[in-house]
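*Asks:* Got a predicted structure plus its sequence, pasted below:
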Amino acid sequence: MQDIRVELSETLKAKPTDASKLGFGNYFTDHMFMMNYDKGQGWHDARIVPYGPLSLDPAAMCLHYGQEVFEGMKAYRAPDGRVLLFRPDRNMARLNLSNERLCIPQIDEDFCVEAIKKLVAIEQDWIPDAPDTSLYIRPFIISVDPHVGVHPAEHLIFMVILSPVGCYYPEGLNPVKIYVERKYVRAVKGGTGFAKTAGNYASSLKAQEVAASQGYTQVLWLDGVERKYIEEVGTMNVFFKIDGKVITPALQGSILGGITRMSCIEMLKSWGVDVEERPLALQEVIDAAADGTLEEAFGTGTAAVISPIGSLKVDEDVITINGGEIGETAQKLYDQLTDLQNGRIEDTFGWTVCVE
Ligand code: COI
């Protein structure tokens, strides 16, 4: 394993003092992790350095063609003072899946987990401890060859930056209003929908803007071919509880394989709940709402954690779910997951990793 050089900042920033004003992704810590890739040399020069701007050639390929991948993870402060990460190995494995799709060289997953632990340990005073706060970890890789020709990069930078955060949605754990998107699509099988790459998010902005202008928090994407099956919500995977069963769209190449999604499925199964991963037609949800069997809907994601869905706008109709209130399953998942992530209960799943 490479060594990680550490250069500490001489001036430390003032940390935000009011946790209720953190929002999401507005503040960044004093240091960041970086390493470079050069063809023939592999990943090298791993270092933790003061946080600051990058100097990039204006022709750097990531700026033109979006050869970029990223991850989202969190660090939590347990009541006994331990600093915990949640399933970091899964994030690094997913980063390599994204790398493969975007022609980005594979990373050493174990080394990157160690690098993240080291950075978080240095920055641990930035971990907020108010309820519903954490230190968001954003690993990402950009291609930096100065070439305006389209080909896989030979020079890249891997970085990790950290941001103390509160809730992703201003609604917090209050149910969000979701707009079912008919005109635009997010991804198709064979595309990059399963990868965590910038372009997926850039192409989602238009629909999100339209939804926001009508008072909706996020869009619900339908499949790009038949426009019939539910895929995911803006920044989350999505679950529906219909007639006692919890159903989530199967991962078939166009949906992001969320770590929170995977953990919720495992947790629900451990409670004996029936969980189905399968194609789910929007019509099935509409029918279930009509016959009274649609019990709950919620999104899952690292940033958003568990976000109950209070209403769905489908064309001219609005379907209200569970009276617009948070459902029992979403509440239980939120409580158990955040208690486990924050070290407030025993981690019987073995998902948390202590930083030091
Ligand atoms: C996450 O949940 O960590 C994400 O990456 C979503 C994000 C685009 C904020």
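*Replies:* In hand now; what should we look at?
*Asks:* Tell me how far Gln331 lies from Asp3.
*Replies:* Between Gln331 and Asp3 the computed distance is 46 Å (CB to CB, to the nearest Å). Bear in mind the C-beta positions are built from the backbone N, C-alpha and C, glycine included.
*Asks:* buried set for stretch 76-95?
*Replies:* Neighbour-count burial for stretch 76-95, counted by 16 or more other CB atoms under 10 Å, picks out 76-78, 83-88, 90-92, 94-95.
*Asks:* oh sorry, the question was meant for stretch 199-213
*Replies:* Using 16+ other CB under 10 Å as the burial criterion, the residues of stretch 199-213 that qualify are 199-200, 204, 207-208, 211.
*Asks:* Sort out which one of the residues you listed lies nearest Val275 for me.
*Replies:* Val275 has its nearest neighbour among those in Asn200, at 25.4 Å by CB to CB.
*Asks:* Which strand or helix spans Lys117?
*Replies:* In this assignment (DSSP states H and E), Lys117 forms part of helix 109-122.
*Asks:* Which one of the buried residues of stretch 76-95 is nearest to Asp110?
*Replies:* For these, with Asp110 as the reference and CB to CB as the criterion, the closest is Met92, at 7.9 Å.
*Asks:* Does the closest one fall in a helix, a strand, or a coil region?
*Replies:* Here Met92 takes the helix state, with states given by DSSP: H, G, I helix; E, B strand; the rest coil.
*Asks:* returning to that earlier point: so Gln331 and Asp3 - more neighbours on which side?
*Replies:* For Gln331 against Asp3, the residue with the higher neighbour count under other CB atoms under 10 Å is Gln331, and the figures read 16 against 7.
*Asks:* Checking my notes, the more buried one in a helix, right?
*Replies:* Yes: the secondary structure assignment for Gln331 places it in a helix, going by three-state DSSP.
*Asks:* Do you know the pLDDT at it?
*Replies:* We have a pLDDT of 96 for Gln331.
*Asks:* which parts of the stretch 51-200 of the chain sit against the ligand?
*Replies:* Taking CB under 6 Å from any ligand atom, the part of the stretch 51-200 of the chain that reaches the ligand is made up of Gly72.
*Asks:* before we move on, the earlier item: I'd like the buried residues of stretch 76-95 laid out as JSON lines, including secondary structure and pLDDT.
*Replies:* What follows is those, written out as JSON lines (DSSP: H, G, I helix; E, B strand; the rest coil; pLDDT from 0 to 100):
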{"residue": "Tyr76", "secondary structure": "strand", "pLDDT": "97"}
{"residue": "Arg77", "secondary structure": "strand", "pLDDT": "95"}
{"residue": "Ala78", "secondary structure": "coil", "pLDDT": "96"}
{"residue": "Val83", "secondary structure": "strand", "pLDDT": "98"}
{"residue": "Leu84", "secondary structure": "strand", "pLDDT": "98"}
{"residue": "Leu85", "secondary structure": "strand", "pLDDT": "98"}
{"residue": "Phe86", "secondary structure": "strand", "pLDDT": "98"}
{"residue": "Arg87", "secondary structure": "coil", "pLDDT": "98"}
{"residue": "Pro88", "secondary structure": "helix", "pLDDT": "98"}
{"residue": "Arg90", "secondary structure": "helix", "pLDDT": "98"}
{"residue": "Asn91", "secondary structure": "helix", "pLDDT": "98"}
{"residue": "Met92", "secondary structure": "helix", "pLDDT": "98"}
{"residue": "Arg94", "secondary structure": "helix", "pLDDT": "98"}
{"residue": "Leu95", "secondary structure": "helix", "pLDDT": "98"}
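*Asks:* Could I get those in a markdown table, plus columns for distance to Val185?
*Replies:* Shown next, in a markdown table, are the buried residues of stretch 76-95 (distance: CB to CB, whole Å):
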| residue | distance to Val185 |
| --- | --- |
| Tyr76 | 35 |
| Arg77 | 40 |
| Ala78 | 41 |
| Val83 | 40 |
| Leu84 | 37 |
| Leu85 | 34 |
| Phe86 | 31 |
| Arg87 | 30 |
| Pro88 | 32 |
| Arg90 | 27 |
| Asn91 | 26 |
| Met92 | 29 |
| Arg94 | 22 |
| Leu95 | 25 |
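*Asks:* centre of the chain versus stretch 278-292, how much separation?
*Replies:* Stretch 278-292 has its C-alpha centroid displaced from the chain centroid by 26 Å (CA atoms, centre = their mean, to the nearest Å).
*Asks:* can you offset everything so residue one is 29?
*Replies:* Yep, numbering from 29; the last one is stretch 306-320 now.
*Asks:* State whether Ser37 and Asp58 are indeed in contact, as I suppose.
*Replies:* Yes: look at Ser37 against Asp58 with CB atoms under 8 Å: they come within range, at 4.8 Å.
*Asks:* Phi, psi for the residue of the chain found nearest the ligand please.
*Replies:* Nearest residue of the chain to the ligand, counting by CB to the nearest ligand atom: Gly100, 2.0 Å away. Backbone geometry at Gly100, expressed as degrees, to the nearest 10, gives phi -140, psi 130.
*Asks:* between Ser37 and Asp58, who's got more neighbours?
*Replies:* Neighbours were tallied for Ser37 and for Asp58 using other CB under 10 Å; the higher tally belongs to Asp58 (19 against 15).
*Asks:* contacting residues around the more buried one?
*Replies:* Contacts for Asp58 (CB atoms under 8 Å, 6 or more residues apart in numbering) come out as 37, 40-41, 78-79, 151, 154.
*Asks:* Determine which two of those residues are furthest apart.
*Replies:* Going by CB to CB, the two entries of the contacts of Asp58 that are most distant from one another are Pro78 and Trp154, at 13.9 Å.
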